[in-house]
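>>> Show me how the following folds:
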Amino acid sequence: MWEQLKKYREIARLALLQEKASKNSKIKGMNEHEKEFLPAVLEVTEMPPSHAARLLTYVIVAMFTVLILWSVIGKIDIIATAAGKLMPASNIKTIQTLTDSEIEEIYVQEGEYVKAGQNLIKFNQTEVIANISRIENEIEALKIAIARLQALLTENPQENFNYDRDIDAYLIKMHADLLKSQIIEKSARIEVLKGQIAKAEKEKDTISADLGRIEKLLPSVTERIEKKKILVDKKLLARLTFLEQQEELTNLQEQRNVQAKKMAETEENIEYLKKELRQYLAEFDKNLMQELTENREKLASYQQELVKYREALKRTVVKAPLSGYVQQLVYHTKGGVVETAKPIMNIVPENYKLEAQVMILNKDIGFVRPEQDVEIKIDSFPFTKYGTLKGKVRNISGDAVQDEKLGLVFNARLTLSDNKIKADGQIIRLKPGMSVTAEIKTGKRRVIEYLLSPVMKYLNESMRER
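Reported below is the predicted structural model:
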């Protein structure tokens, strides 16, 4: 059976060859125009190929080969795109207040140029001025009180009452009257005690005189008694007379004892009164010194408080710390309340150097490093027409922050090659706050990797799906 099949196949092959040969013999005798009228298949087969078509085919094959080689050999930049804005590199002065304050005047507007020391904003001064006035009155009262107390500690208080002539006349008169009353009170008390001492001294002198008289009488009375006793013993004198004389001696001795006791009591009273006088003077000076010390401490405290309030008064008028431009002015109306430590405005230095602050996405942060090259596109100036600025990554934040639209992002600072851009024949200085798009060059990869990465990603993910 297989032999027969081979035989029939050979016969068919020979027949086809014979038929083809016969046709070729007919076609070979035709010219180019006659061949155009052949059937389409024979026309294509017998017509010679076009040289232009053949050349185009070669060009396409060559280009495709070059593209394949370029995709394998060539590399492109890997770009991390980050949006942000321009900011001064340093020396931005943020204007704040240390306490809650009510705005009384606003002297500047957004973007206005100000000179160092120029008034920016004024806060309500009513409370501060009232406190300064109150403290100054307290200080005046304490100063005149201290002068009065110091005078009282001297021997001639009225002559030594020295005070500042700028002090209010009412205070001077009040303390002068008080000084007089204290002098009178002190003098009166001293006079009373001295009078009591003098009276006691006089009593002492009287008692001393009585004692002296008694002491003088006692020897003569004693002698008379002794002589009368001899006469009584000889019965030359009545005994009754002797007894009367002896009773007189006893009375004198009792009087002496009584006067001696009075003398001791009087001397004790004198010492007590003198001690009381010394104690009064010491207590008087002690009280004066204590009051003087307290007033001096109060004065020092009020003087420090006055310095504080005067500084607060100065702070009610905020002045520009340097020459520059007003940026991010938060408040625009009088009567607004500024909270403590809340920014009011920024002063950007006149000759500032700009940097770009951008937000790097979480998916890119692993490849971004300091000193990487950056191309910065200014949104206000389309890069297709005005070009881009060169830059470098200066630093990257150590932790992510939450952004409402982008999620967790990392802040980065980019240096700029220039603060100006050429637009329509003019050199325009860039301003803080302009939005930018930064393209950070994080590396390179082959073109074929870029082209095949979606396919590889799809294959990698699809192979793990259930």
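>>> which residues sit against the longest strand seen in the chain?
Across the chain, the longest stretch assigned as strand under DSSP state E is strand 75-88. Outside strand 75-88, the residues within contact range by CB atoms under 8 Å, 6 or more residues apart in numbering are 348-349, 352-361, 364, 367-368, 412, 414, 416, 430-447, 450. In this view, the C-beta of every residue, glycine as well, is placed from N, C-alpha and C.
>>> Can you select the buried ones among those for me in ChimeraX?
Here is the ChimeraX command that selects the buried residues among these (16 or more other CB atoms under 10 Å):
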select :348,349,352,354,355,356,357,358,359,360,361,364,368,412,414,416,430,432,434,436,437,438,439,440,441,442
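>>> The contacts of strand 75-88 in strands, which ones?
348-349, 354-361, 412, 414, 416, 435-446.
>>> List the residue ranges of this structure that fall below the pLDDT cut-off.
1-54, 70-72, 74-77, 90, 219-249, 445, 447-466 (pLDDT under 70).
>>> pretty sure His175 contacts Leu142?
No. In this structure, His175 is not within contact of Leu142 by CB atoms under 8 Å, at 10.8 Å.
>>> Give the partner strands of the longest strand of the chain in its sheet and their orientations.
The pairing partners recorded for strand 75-88 under DSSP bridges are strand 354-361 (antiparallel), strand 435-446 (antiparallel).
>>> export it as CSV, just CAs?
Provided in CSV are the C-alpha atoms of strand 75-88 (Å, rounded to 0.1, in the frame of the first residue of the first chain):
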residue,chain,number,x,y,z
LYS,A,75,20.3,53.9,29.4
ILE,A,76,17.8,56.5,30.6
ASP,A,77,17.5,58.5,33.8
ILE,A,78,15.3,57.3,36.6
ILE,A,79,13.3,60.3,37.8
ALA,A,80,11.5,60.9,41.2
THR,A,81,9.0,63.7,40.8
ALA,A,82,8.2,65.9,43.8
ALA,A,83,6.0,69.0,44.1
GLY,A,84,6.7,71.9,46.3
LYS,A,85,7.4,75.6,46.4
LEU,A,86,10.2,78.1,46.6
MET,A,87,11.4,79.4,49.9
PRO,A,88,14.3,81.6,51.1
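>>> Dump the strands paired with strand 75-88 into JSON lines; add distance to Lys342 as well.
Shown next, in JSON lines, are those (distance: least, CB to CB, whole Å):
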{"stretch": "strand 354-361", "distance to Lys342": "21"}
{"stretch": "strand 435-446", "distance to Lys342": "25"}
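>>> Thr57 is nearest to which of the ones you listed?
Nearest to Thr57, of all the strands paired with strand 75-88, is strand 435-446, at 28.2 Å by CB to CB.
>>> neighbouring contacts of the closest one?
71-86, 356, 358, 360, 364, 367-369, 372-380, 391, 393, 414.
>>> just the buried members of those?
Buried among the contacts of strand 435-446 by 16+ other CB under 10 Å: 80, 82-84, 86, 356, 358, 360, 364, 368, 372, 374-378, 391, 393, 414.
>>> Show me the chain divided up by domain.
The record, using automatic domain parsing to delimit domains, assigns the chain the ranges 77-90+353-462, 92-123+316-350, 128-313.
>>> can you tell me which residues contact Ala89?
So Ala89 contacts 352-355, 415 (CB under 8 Å, 6+ apart).
>>> For the lengthiest helix in the chain, name the packing helices and strands.
The longest helix of the chain (DSSP state H) is helix 239-315. Other elements packing on helix 239-315 under the criterion 3 or more CB pairs under 8 Å, 6 or more residues apart in numbering; DSSP states H and E are helix 126-152, helix 169-233.
>>> Three-state assignment for the residue most central in space within the chain, please.
Nearest to the mean C-alpha position of the chain, by CA atoms, centre = their mean, lies Ala341 at 7.5 Å. Judged by DSSP: H, G, I helix; E, B strand; the rest coil, the three-state class of Ala341 is coil.
>>> Tell me, how many residues neighbour the closest residue in space to it that isn't next to it in sequence?
Nearest residue to Ala341 in three dimensions, chain neighbours excluded: Gln96, at 5.5 Å (CB to CB, 6 or more residues apart in numbering). Residues within reach of Gln96, counting by other CB atoms under 10 Å, total 14.
>>> dump the residue contacts of Gln96.
341-344.
>>> Make a PyMOL selection of the buried ones in the residues you listed.
Selection of buried members from the contacts of Gln96 for PyMOL, criterion 16+ other CB under 10 Å:
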select buried, resi 344
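>>> of the contacts of Gln96, closest to Lys420?
Out of the contacts of Gln96, the member with the shortest distance to Lys420 (by CB to CB) is Pro343, at 28.1 Å.
>>> right, and that closest one touches Tyr331 too?
No. The pair Pro343 and Tyr331 does not pass the contact test of CB under 8 Å, sitting 10.1 Å apart.
>>> hmm, back to that, got the domains of the chain as JSON lines, with distance to Tyr58 columns?
Listed next are those as JSON lines, based on distance: least, CB to CB, whole Å:
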{"stretch": "domain 77-90+353-462", "distance to Tyr58": "24"}
{"stretch": "domain 92-123+316-350", "distance to Tyr58": "64"}
{"stretch": "domain 128-313", "distance to Tyr58": "89"}
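>>> between those, which one is nearest to Leu55?
Proximity to Leu55 (CB to CB) singles out domain 77-90+353-462 among the domains of the chain, at 27.4 Å.
>>> any idea how far Arg394 lies from Glu355?
Distance, Arg394 to Glu355, by CB to CB, to the nearest Å: 7 Å.
>>> Which residues are in contact with each of the two?
Common neighbours of Arg394 and Glu355 (CB under 8 Å, 6+ apart) are 413-415.
>>> Pipe the contacts of Gln96 into JSON lines and attach distance to Asn124 per row.
Output for the contacts of Gln96, formatted as JSON lines (distance: CB to CB, whole Å):
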{"residue": "Ala341", "distance to Asn124": "18"}
{"residue": "Lys342", "distance to Asn124": "16"}
{"residue": "Pro343", "distance to Asn124": "19"}
{"residue": "Ile344", "distance to Asn124": "15"}
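>>> Closest to Leu408 out of the contacts of Gln96?
Closest approach to Leu408 among the contacts of Gln96 (CB to CB): Pro343, at 25.0 Å.
>>> Name the nearest residue to that closest one, ignoring sequence neighbours.
Of all residues not flanking Pro343 in the chain, Thr94 sits nearest, at 5.1 Å (CB to CB, 6+ apart).
>>> List the contacts of the one you found.
Taking CB under 8 Å, 6+ apart, we find Thr94 in contact with 343, 345-346.
>>> Repeat that for Val317.
119, 121-123.
>>> Just the buried subset of those, please.
Neighbour counting with 16+ other CB under 10 Å marks 121-123 as buried within those.
>>> count of residues packed around Tyr280?
Residues lying near Tyr280 (other CB under 10 Å) number 15.
>>> Tell me how far it lies from Leu193.
Applying CB to CB to Tyr280 and Leu193 gives a distance of 7 Å.
>>> which residues does Thr340 contact?
97-100.
>>> go again using 10 Å as the cut-off
Applying CB atoms under 10 Å, 6 or more residues apart in numbering, we find Thr340 in contact with 96-101.
>>> Compare those residues and tell me which has the most neighbours.
Using other CB under 10 Å as the neighbour criterion, Ser101 leads the contacts of Thr340 with 24 neighbours.
>>> Quick check: beta-bridge partners of that one?
Using DSSP bridges, the bridge partners assigned to Ser101 are Val338.
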